[in-house]
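When you get a sec, could you give me coordinates for this:
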Amino acid sequence: MTEAIHTPAVTQPDTETSVLSESRLVEEARRGTTAAYGELVRLYERRLVRVIGRFIRDAWQVEDLAQETFLRAYTRLGQFDTSRRFGPWLFRIGVNLTLDHLRKIKRRGRQALFSESPSERTPDPSVADPRQDLDLKQEVREVLESVAEKYRTVLVLRDLENFSTAEIAGILNRKEATIRWRLAEARQRFQALWQKRLDQDSRSLRSAERSETVNVEGRRR
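Numbering: from 1, shown residues only. Just a heads-up that it's a prediction; the model follows:
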């Protein structure tokens with residue numbers, strides 16, 4: 001059910017113009033012009049925060065990781081190839097920081113991964129299934145979290161954030177053919193998990209309807 005996670009394409013600036021202007025800003029930032037780096041931050045901050053937020057629910061942590069990303073990028077400007085676009089290089093730093101953060105959390109225990117707020121913790125079996133109150137985006141997010149990291153990352157970057165496969169290859173430092181294969185596999189895995197969830201919800205609904213029918217019949221007697 002890829003349609004469930006697809007978002008409209010984001011209009012991108014002309015590539016050649018973007019590369020030239022970004023290269024100029026990087027060169028100025030290297031010479032110590034803080035306003036130039038501030039302009040790069042302005043260009044990418046909103047999208048960087050949104051991308052990191054696709055992986056992490058804690059808004060404060062998202063902001064911290066975004067700030068750390070810009071700090072690391074600034075200290076590594078000397079390594080940046082000005083013949084290329086700044087964005088994919090920046091997002092490579094941000095995505096790697098984010099995935100490293102998630103791996104640390106996972107090592108400390110899977111329960112911590114969903115501990116951002118009490119409403120997101122695993123419910124007691126005796127409590128009604130909270131998924132009935134979740135909107136589509138929350139449903140999609142929970143299914144995405146069940147997809148293996150290397151596939152989930154590609155799926156998020158392509159189908160939620162509309163990066164091209166070439167851009168994702170740059171962000172993840174992989175060949176574009178590898179990204180295309182992972183994307184196809186990721187979509188299949190998401191589809192299978194989504195369908196499984198729908199089937200479970202359907203069975204739960206039928207069970208609830210049967211229980212209600214039994215209760216109604218019992219009251220009539």
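
what residue ranges in the chain score low on pLDDT?
Along the chain, segments meeting pLDDT under 70 span 1-17, 109-134, 201, 203-221.

Against Gln138, how distant is the residue nearest in space to the middle of it?
Central residue of the chain (C-alpha atoms, centre = their mean): Arg54, 2.7 Å from the mean position. Applying C-beta to C-beta, to the nearest Å, the value for Arg54 to Gln138 is 13 Å. C-beta: built from backbone N, CA, C; applies to glycine.

what's the answer for Gln191, then?
Taken as C-beta to C-beta, the span from Gln191 to Gln138 is 18 Å.

now do Ala66
Distance from Ala66 to Gln138, by C-beta to C-beta: 22 Å.

The two: who's more crowded?
Ala66 (23 against 13; other C-beta atoms under 10 Å).

okay but that one is in contact with Val51, surely?
No - in this structure, Ala66 is not within contact of Val51 by C-beta atoms under 8 Å, at 9.0 Å.

Need the overlap of contacts for the two.
Gly94 (C-beta atoms under 8 Å, 6 or more residues apart in numbering).

Now do the contacts for the residue nearest to the centre of the chain.
156, 160-161.

Among those, which one sits closest to Ser202?
Leu160 (25.8 Å; C-beta to C-beta).

three-state assignment of Phe163?
Put simply, Phe163 is coil when judged by DSSP: H, G, I helix; E, B strand; the rest coil.

The nearest residue to it once chain neighbours are set aside and Gly87: what is the separation?
Among residues not flanking Phe163 along the chain, Leu157 sits closest, at 4.6 Å (C-beta to C-beta, 6 or more residues apart in numbering). Going from Leu157 to Gly87 by C-beta to C-beta gives 12 Å.

same check, this time on Gln195
35 Å.

go on, Thr98?
16 Å.

In terms of neighbours, single out the busier of the two.
Thr98 (25 against 22).

Where does the more buried one sit, in terms of helix or strand?
Assigned by DSSP states H and E, Thr98 falls within helix 86-107.

Check which helices and strands that helix sits against.
Helices and strands touching helix 86-107, by 3 or more C-beta pairs under 8 Å, 6 or more residues apart in numbering; DSSP states H and E, are helix 15-30, helix 34-53, helix 59-75, helix 110-113, helix 149-155, helix 165-172.

Overlap in contacts, Leu157 and Gly87.
Joint contacts of Leu157 and Gly87 (C-beta under 8 Å, 6+ apart) are Glu167.
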